[in-house]
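**Student:** only the shape, not the letters, is given here:
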Ligand code: MG
């Protein structure tokens, strides 16, 4: 009782009085020219000349692609993908049915190349458990066809930490295990900053932020190098943009609703 009286008194002090009705149709400046420069920026506080962010229409439902997304798989066909081979690209062989694609033979990379991206995809491990550890629903999101965010059935599946679902494979385990049961659809939302090279020299490593099923697994974590197995992965210079890959690890993982947004910096016109 005493606490509620105190809160009421605070409200009255802050708002003047409840009796004062709010004025309608108030106008506010669209920006300012007489404010100080923000440290480290070319813009003033509330700068009237600062470019307004471009408009993006969000998807109608959670996980649906926004208006500036490049849809890489909408459940119908693999037209955005190819299968790399020693003799050049081939049409991808993965099965498409019922709105999803399923790992069969060969790997898959996008025809388009990407640098910094926001990526959304959904995946499901086989409902029937067959095998143990790294043989349970293993696949992977291969950023720039090199840096793997692990896809694995990690629901009650003992395996090494840096190989669990959402791991930066062979480097960092996910902060938590937020896995759903095998057979259930799971979401990955990934923000990736591509590494930068000058000639053969790495001048900025890659960074990745990962949400699985809405739960944070990595927060702008530095990537140590390309995906590796039983050895330390290192960087090797590559293009500013490279294809996005999905790993074939010989288990029937399914994917659906895959889209990316190319990321640009602040104040882009
Ligand atoms: Mg994998």
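**Tutor:** Great, that's in hand. Not measured: the values here are computed from a predicted model. Residues are numbered from 1 along each chain as shown.
**Student:** only C-alpha atoms for contact and neighbour calcs from this point on.
**Tutor:** Noted.
**Student:** so who does residue 222 touch?
**Tutor:** Under the criterion of C-alpha atoms under 8 Å, 6 or more residues apart in numbering, the contact partners of residue 222 comprise 205, 206, 207, 208.
**Student:** inside helices: which ones of these?
**Tutor:** Applying DSSP state H to these, no entry is found in helices.
**Student:** closest one to the ion out of those residues, please.
**Tutor:** Within the contacts of residue 222, the smallest distance to the ion is 16.6 Å, found for residue 208 (C-alpha to the ion).
**Student:** which residues touch the closest one?
**Tutor:** For residue 208, the contacting residues are 190, 191, 192, 193, 218, 219, 220, 221, 222, 223, taking C-alpha under 8 Å, 6+ apart as the criterion.
**Student:** could you confirm whether stretch 224-238 reaches the ion?
**Tutor:** No: contact check for stretch 224-238 against the ion, using C-alpha under 5 Å from the ion: none in range, with a minimum separation of 9.3 Å.
**Student:** now do the buried residues in that stretch.
**Tutor:** Of the residues in stretch 224-238, those with enough neighbours to count as buried (16 or more other C-alpha atoms under 10 Å) are 224, 225, 226, 227, 233, 235.
**Student:** before we move on, what about stretch 191-200?
**Tutor:** Of the residues in stretch 191-200, those with enough neighbours to count as buried (16+ other C-alpha under 10 Å) are 191, 192, 193, 194, 195, 196, 197.
**Student:** ok, so of those residues, who is nearest residue 84?
**Tutor:** residue 194 (21.3 Å; C-alpha to C-alpha).
**Student:** so residue 119 touches residue 260, yeah?
**Tutor:** Yes: with the criterion set as C-alpha atoms under 8 Å, residue 119 and residue 260 qualify as a contacting pair; they are 4.4 Å apart.
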